[in-house]
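this is a predicted model, with the sequence first.
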Amino acid sequence: MTLFGNSLEAQVSRALFQQDLYRRMLDAYQERINKENFQSKKSEEEFWSNYNKLIESITSTKAEIDNFYQQSDLYLFPNKQLANEALTKLEELRKNFLKKYDGIPKGEQATGWAYFANKESRDIKEHLKDDFIPHALDYFKLLNNHLTSLQPILFVHACMTGMPEIATGILEQRYSAAISSAQFSELELDKTRWDQSWKAYVECKANLLKTNTQIIDSWQPWGESDIEAILRDYEVVVKKSKLAADDFMKLLNKIESKIDKLWEMKKRQEISGKSNSAKEPDTFEKIEKLAKLYELGAITESEYLAKKAELLKRIK
């Protein structure tokens, strides 16, 4: 006895069952085919997407390197001969890459599924996988190594540009002008603090310039160095130099302000003396000027009190 029996109704049911079974088998087969096509298309699109990203990375990295060598205001620049050799090699690498790249799909061509479905495009893809992409990856690695090697030099340039008081030697000029001023010896200041701050600045700057030279002299255009360690150590040196410069500059600003005020006061005294050459200032005017000198730090408290007492004795 069969599942559906031998009646007409049973034969119809059996036919419907078989039809349903075939339909489900066909649907399952079609679903598998569609899934395989989808996976294949997805894989294909991912391949070309990664290919485009590689080309874009090469282009942007080369542009950054070109931008470095076009800067004319670099505070420090590597050995000229070594830099010229690097430029020559970069040009050779670029030409070799362009030869490989000639005839390869570019831009929108390297994104369309339909374009790469034909045999010619599949042949191009195999050429890419076996020949061009390995070459492009090697080229990108060399470019990236070179760009990475330039980072310490760029950091040196950025730091020194951001600290003009150190890079230009302006603090040294201001220091010399202050200590050679006629009013400097008349100021009341903490000489020990002043000398210690100046010494700390000079030592930190010398260490900074020495580190700059070491970074430049150790530059390897194509080597793989621990750039993070170099930048980390250099940052410590820069911070110490900046702190020392800021500390000394604060003291220097105060000293320069006192010198300027003292000079202005003496200038006013000279002008007043010329206009009243025959007239001697009264005692109260002298005491007032004496108080200003004391406020400016031009005289000590003991000197101020002694001179004030002397003037007060003159008042009848």
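Received the coordinates, thanks.

other SSEs contacting the helix or strand hosting residue 140?
Under the criterion of DSSP states H and E, residue 140 resides in helix 133-161. If you count contacts as 3 or more C-beta pairs under 8 Å, 6 or more residues apart in numbering; DSSP states H and E, helix 133-161 packs onto helix 8-70, helix 80-101, helix 164-167, helix 191-217, helix 227-275. For the C-beta atoms, the positions are set from N, CA and C on the backbone; glycine is no exception.

at the geometric centre of this structure, which residue sits there?
Nearest to the mean C-alpha position of the chain, counting by C-alpha atoms, centre = their mean, stands residue 155 at 5.7 Å.

returning to that earlier point: quick one: mean pLDDT over the helix holding residue 140.
The pLDDT scores in helix 133-161 average 89.

show me what counts as buried in it.
The neighbour-count check on helix 133-161 (16 or more other C-beta atoms under 10 Å) flags 133, 136, 139-140, 142-143, 146-147, 149-150, 152-153, 155-157, 159-160 as buried.

can you check stretch 53-63 too?
Quick answer for stretch 53-63 (16+ other C-beta under 10 Å): 54, 55, 58, 61, 62.

could you list the domains of this protein?
Split into domains by automatic domain parsing, the chain comes to 8-102+112-161, 164-274, 280-316.

how many neighbours does residue 85 have?
12 (other C-beta atoms under 10 Å).

tell me who's in contact with it.
Going by C-beta atoms under 8 Å, 6 or more residues apart in numbering, residue 85 touches residue 221.

try 10 Å this time
With contact set as C-beta atoms under 10 Å, 6 or more residues apart in numbering, residue 85 has these partners: 79, 221.

need the pLDDT of it.
In this model, residue 85 carries a pLDDT of 89.

how near is it to residue 220?
Per C-beta to C-beta, to the nearest Å, residue 85 is found 12 Å from residue 220.

next one: residue 130
Noted for residue 130: a distance of 32 Å to residue 220, by C-beta to C-beta.

residue 147 now?
13 Å.

can you find the helix or strand of the protein with the lowest average pLDDT?
Least confident helix or strand of the chain, by mean pLDDT, DSSP states H and E, is helix 119-127 with a mean of 61.

coming back round to it: can you name the two of the buried residues of stretch 53-63 that sit furthest apart?
Within those, 54 and 62 form the most distant pair, 12.7 Å apart (C-beta to C-beta).

can you list residues touching both of the two?
Joint contacts of residue 54 and residue 62 (C-beta under 10 Å, 6+ apart) are 139, 140.

closest one to residue 233 out of the buried residues of stretch 53-63, please.
Closest to residue 233 out of the buried residues of stretch 53-63 is residue 61 (25.5 Å), distances taken as C-beta to C-beta.

measure the closest one to residue 134 for me?
18 Å.

again with residue 94
Look at residue 94 and residue 134: by C-beta to C-beta, they are 17 Å apart.

over to residue 149?
23 Å.

what of residue 231?
Counting by C-beta to C-beta - residue 231 and residue 134 are separated by 31 Å.

can you check residue 43 too?
19 Å.

same deal with residue 176?
Taken as C-beta to C-beta, the span from residue 176 to residue 134 is 62 Å.

how about residue 307?
90 Å.

before we move on, what about residue 101?
Residue 101 is 13 Å from residue 134, by C-beta to C-beta.

likewise for residue 150?
In this view, residue 150 and residue 134 are 25 Å apart by C-beta to C-beta.

ok, the nearest residue to residue 54 once chain neighbours are set aside - contacts?
Nearest residue to residue 54 in three dimensions, chain neighbours excluded: residue 136, at 5.8 Å (C-beta to C-beta, 6 or more residues apart in numbering). If a contact means C-beta under 10 Å, 6+ apart, then residue 136 has 51, 54, 55, 57, 58, 97, 100, 101, 104, 128 as its contacts.

mean confidence (pLDDT) on stretch 61-76, please.
Here the average pLDDT along stretch 61-76 is 80.

same question, stretch 299-316
Regarding stretch 299-316, the rounded mean pLDDT is 72.

again with stretch 241-258
For stretch 241-258, the mean confidence score works out to 94.

hang on, isn't residue 89 packed against residue 221?
Yes. Using C-beta atoms under 10 Å, residue 89 is in contact with residue 221, at 7.7 Å.
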